[in-house]
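Engineer: show me how the following folds:
(chains A and B)
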Amino acid sequence: MQNTSLQFKKQVTIKLADVRLQDALSRLQSRFVGGRAAVISEIHDLEETRIAAAAIRDHALNNLDYWLQHFEQQATARGAIVHWAETGDDVNRIVTEIAALHNVKTAAKSKSMVSEECGLNDALEEAGVAVMETDLGEYILQLAHEAPSHIVAPVVHKNKEEIADLFAEKHHTPRKTDIAELCREAREILRPAFLNADMGISGANFLIAETGSALIVTNEGNGRLVTTLPRVHVAITGIEKVVPTLEDVTTLLRLLPRSATGQSITNYVSVLTGTKKPEDHDGPEHFHIILLDNGRSSLIGGDMQEMLRCIRCGACMNHCPVYQNIGGHAYGWVYPGPMGSILTPVLGGIENSPDLPNASTLCGACAVVCPVKIPLPDLLRKLREKQMQLGMKSRQETFMLKAWAWLALHPRLYAKATAIGVRMLKLIGGNKKLIHTLPGAGGWTDGRDFPAPAGKTFRELYQQGKHK
Amino acid sequence: MRVGLFVTCLVDAVRPRIGFATIKLLEAAGCEVTVPAQQTCCGQPGYNAGDRKSAVALARKFLNEFEAFDYVVVPSGSCAGMIRVHYPDVLRDDPALLARITALGQRTYELTDFLTHIAMPENIPGKFKGTLTYHDSCSGLRELNIYNQPRVLLANMADVKISEMVESTTCCGFGGTFSVKYGELSTRMADNKCRHITDTHASAIVGGDLGCLLNIEGRLRRNGDHTTRVLHIAEALSGLDEEAP
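Structural biologist: Have a look, this model is predicted:
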């Protein structure tokens, strides 16, 4: 997927004015913030569980080479074939080669954000393979030719009316707005796709090294159909998703659904291990697992490694006041919200996303809910430091920051400068004591009045003995 | 108990009354208050914008000016959080300074945290009468766990009723330079906050951080609300909430 995060500021303006989007986003909080709050307290030792989960992820990442090789050995021993992909293009090439090898004409796909990184659907279509997204949200987006705006609820930016219009247009059926009827209509189209697909494509929430398994959590059941019915199954995920044992996964699974969708557990937890055996009722004859790097390994051992702990629950974006007001598309790449504001510049080049690390108040709501305790605000701040070191900040901003710091280190001049400043601001404020426009701070005064200072600094008044 | 008051640059320049209100409360709690004259800014604007170097210099300056006190009190969760939580990161490369700043950080308190945990005044001198609503500023809330402290103190004022707004813990959109760089987005966040404030029908919105309060007041006034009062918790508690004579 192309990174368009250079357009962030322009997109913010558009998204803030998008009435339908704002309506859709207004429901996000009760559904996801309220949903998480309702079930997270079921974990009576929540903080200890988060610490344990972070430790499991850290251990896997600190020994990533070992656990990935172990995973490959175990998966291979059970009949799977593991492929290593450095870039998204490599993933696309490997999948199209697998498709050609097995004479695949149609593929059914369950949700995979990693495949969005690669732009896999377009590559397959180009190679003559018809792909159908089978996650309801992803299916809607495929019909609409749109990208997901949320990693868990990809179609959260659309309301029921838009989906009703879309189905009527694309399915050539009478328009219906009842949600159950809309789902039934989608199901009638998707069912034959599962049964006829030559290849199933899925992601993987975790890779389990001790058994060589790929694990997926889903709610609609499409994931299980896609990974068991077609004769070829391709699972695509990032290299950082490996954990050592099944027991490790149980700790992470206590947190993932609760943090993501406010469920104690998802409807389905599928542990996909090896190919179909003679005694098995179902399962793929060929099981390919593609592990994508796409820049991830460059974070190992560096000051952004903690980001690789991420288990893709989406709680950071659900709780982010910036995401809540602009939605996911404004962020310009696959991953929105706080996690995206880090992953996009880190994986796609810091120079290509100058706004993302800065478009946060560092309010910290994301870090409080992160199930694996990623210090998201600290990582955003580190990216800002990198921008400063690379000279990416505007000359004006750098000058203002340096000038302020210099002044703050020279108290006598500081006292004089602030004394003059507050007198001027008081004058500008006038009788109403409000400043309507402030040169150099238009971003502030376009939407707000600045309450004018009293006209003398605390320092002056204190020295005059005003408090006695 | 010798307390050093760190006034904060924003209070110093924009609303000095908060500084005097803080002194009044601390003295009511029996503290001997000193205001080091050389103090300026804690360096958070630069630190949060990626200018680590300046933050290092200002952290050292703070350490030298305040290390001698039993406690340091700050009428801002944001600046107190900078000192307590972030200064150790700022000075991480110098073990000797790191140990000293960590120790000083442990003695540094946001005002309401100090009043509830270290020195509670016998009487809260505040004169405010009526309904108010409280905004929980992000740094104080999430870095210093300040939530109950201001509410406990306000509950000591006989004529005050607190009407909680929905989402009192959601960011108001200030975020320092964020509010200038992403003004439109920041304004929308402030708008949401103002709507929640207005819905409570409180006559005053009270908070513990002047930055957030200026942001909220700025949006309320631009929207034509000239009656809802916007007060710092120190003003409300001290009774110094009227215009100085």
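Engineer: what residues go with each domain of the chain?
Structural biologist: I'll assume chain A. Chain A breaks down into these domains under automatic domain parsing: A:5-297, A:395-463.
Engineer: actually chain B
Structural biologist: Here the domain parsing of chain B from automatic domain parsing is B:2-117, B:130-238.
Engineer: what are the ranges of the helices in chain B?
Structural biologist: Per DSSP state H, chain B has helices spanning B:9-13, B:17-28, B:44-48, B:52-66, B:77-81, B:87-90, B:95-106, B:111-117, B:138-144, B:148-155, B:178-181, B:183-199, B:210-222, B:233-238. These are given in chain order.
Engineer: now those helices as CSV including mean neighbour count and mean pLDDT?
Structural biologist: Any C-beta I mention is one placed from the backbone N, CA and C, and that applies to glycine too. As requested, those are arranged in CSV below (neighbours: other CB atoms under 10 Å in any protein chain shown; pLDDT from 0 to 100):
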stretch, mean neighbour count, mean pLDDT
helix B:9-13, 24, 97
helix B:17-28, 24, 97
helix B:44-48, 24, 97
helix B:52-66, 20, 97
helix B:77-81, 29, 98
helix B:87-90, 22, 98
helix B:95-106, 15, 98
helix B:111-117, 23, 98
helix B:138-144, 24, 98
helix B:148-155, 18, 97
helix B:178-181, 22, 95
helix B:183-199, 21, 98
helix B:210-222, 25, 98
helix B:233-238, 28, 97
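Engineer: can you list those helices in CSV and add distance to chain A?
Structural biologist: Listed next are those as CSV, based on distance: least, CB to the nearest CB, whole Å:
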stretch, distance to chain A
helix B:9-13, 4
helix B:17-28, 4
helix B:44-48, 5
helix B:52-66, 3
helix B:77-81, 9
helix B:87-90, 8
helix B:95-106, 16
helix B:111-117, 15
helix B:138-144, 4
helix B:148-155, 17
helix B:178-181, 4
helix B:183-199, 3
helix B:210-222, 3
helix B:233-238, 11
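Engineer: distance to residue A:106 added to those, as CSV?
Structural biologist: Putting those into CSV (distance: least, CB to CB, whole Å) gives the following:
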stretch, distance to residue A:106
helix B:9-13, 63
helix B:17-28, 68
helix B:44-48, 51
helix B:52-66, 54
helix B:77-81, 56
helix B:87-90, 54
helix B:95-106, 61
helix B:111-117, 63
helix B:138-144, 49
helix B:148-155, 60
helix B:178-181, 48
helix B:183-199, 43
helix B:210-222, 54
helix B:233-238, 64
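Engineer: which residues touch the most centrally placed residue in chain B?
Structural biologist: When chain B is reduced to its mean C-alpha position, the closest residue under CA atoms, centre = their mean turns out to be residue B:76, at 1.9 Å. Residues in contact with residue B:76 (CB atoms under 8 Å, 6 or more residues apart in numbering or on different chains) are B:8, B:10, B:11, B:110, B:111, B:140, B:208, B:209, B:210, B:211.
Engineer: write out the residues of the stretch 201-350 of chain A neighbouring chain B.
Structural biologist: A:321, A:322, A:325, A:326 (CB under 8 Å from any CB of the partner chain).
Engineer: surely the third one and residue B:189 touch.
Structural biologist: Yes - with contacts defined as CB atoms under 8 Å, residue A:325 counts as touching residue B:189 at a distance of 6.3 Å.
Engineer: residue B:211 versus the residue nearest to the centre of chain B, what's the distance?
Structural biologist: Between residue B:76 and residue B:211 the distance is 8 Å, computed by CB to CB, to the nearest Å.
Engineer: which neighbours do these two share?
Structural biologist: Common neighbours of residue B:76 and residue B:211 (criterion: CB under 8 Å, 6+ apart): residue B:10.
Engineer: picking that back up, now the buried members of the residues of the stretch 201-350 of chain A next to chain B.
Structural biologist: Among those, those scoring as buried are A:321, A:322, A:325, A:326 (criterion: 16 or more other CB atoms under 10 Å in any protein chain shown).
Engineer: just put the residues of the stretch 201-350 of chain A next to chain B in CSV and tack on pLDDT.
Structural biologist: As requested, these are exported to CSV (pLDDT from 0 to 100):
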residue, pLDDT
A:321, 97
A:322, 98
A:325, 98
A:326, 98
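Engineer: one step back: adding mean neighbour count, mean pLDDT and distance to residue B:56, write the domains of chain A out as CSV.
Structural biologist: Rendered in CSV, the data for these read as follows (neighbours: other CB atoms under 10 Å in any protein chain shown; pLDDT from 0 to 100; distance: least, CB to CB, whole Å):
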stretch, mean neighbour count, mean pLDDT, distance to residue B:56
domain A:5-297, 18, 96, 28
domain A:395-463, 17, 95, 10
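Engineer: okay, these in CSV with distance to residue A:311 next?
Structural biologist: Below are the domains of chain A laid out as CSV (distance: least, CB to CB, whole Å):
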stretch, distance to residue A:311
domain A:5-297, 6
domain A:395-463, 35
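Engineer: which residue is nearest the middle of chain A?
Structural biologist: Compute the mean C-alpha point of chain A, and by CA atoms, centre = their mean the closest residue is residue A:335, 3.4 Å away.
Engineer: what's the closest non-adjacent residue to that one?
Structural biologist: Closest residue in space to residue A:335, ignoring its immediate chain neighbours: residue A:343 at 4.8 Å, by CB to CB, 6 or more residues apart in numbering or on different chains.
Engineer: same deal with residue A:171?
Structural biologist: With CB to CB, 6+ apart as the measure, residue A:185 is the residue that lies nearest to residue A:171, at 6.3 Å, once sequence neighbours are left out.
Engineer: in contact with that neighbour, which residues?
Structural biologist: Contacts of residue A:185 (CB under 8 Å, 6+ apart): A:167, A:171, A:173, A:176.
Engineer: which single one of these is nearest to chain B?
Structural biologist: Of all these, residue A:167 has the smallest distance to chain B: 31.9 Å, by CB to the nearest CB.
Engineer: correct me if wrong, but that closest one is in a helix.
Structural biologist: Yes - secondary structure assignment places residue A:167 in a helix (DSSP: H, G, I helix; E, B strand; the rest coil).
Engineer: correct me, but it touches residue A:178?
Structural biologist: No - assessed by CB under 8 Å, residue A:167 is found out of contact with residue A:178, at 11.5 Å.
Engineer: any common contacting residues for those two?
Structural biologist: The overlap between the contact sets of residue A:167 and residue A:178 (CB under 8 Å, 6+ apart) is empty.
Engineer: so what's the backbone phi/psi at residue A:148?
Structural biologist: phi -60, psi 150 (degrees, to the nearest 10).
Engineer: residue contacts, the closest residue to it other than its chain neighbours?
Structural biologist: The shortest distance from residue A:148 to any non-neighbouring residue, by CB to CB, 6+ apart, is to residue A:154 (3.2 Å). Applying CB under 8 Å, 6+ apart to residue A:154 gives the contacts A:111, A:135, A:137, A:138, A:141, A:148.
Engineer: please redo it, this time with the cut-off set to 6 Å
Structural biologist: For residue A:154, the contacting residues are A:137, A:138, A:141, A:148, taking CB atoms under 6 Å, 6 or more residues apart in numbering or on different chains as the criterion.
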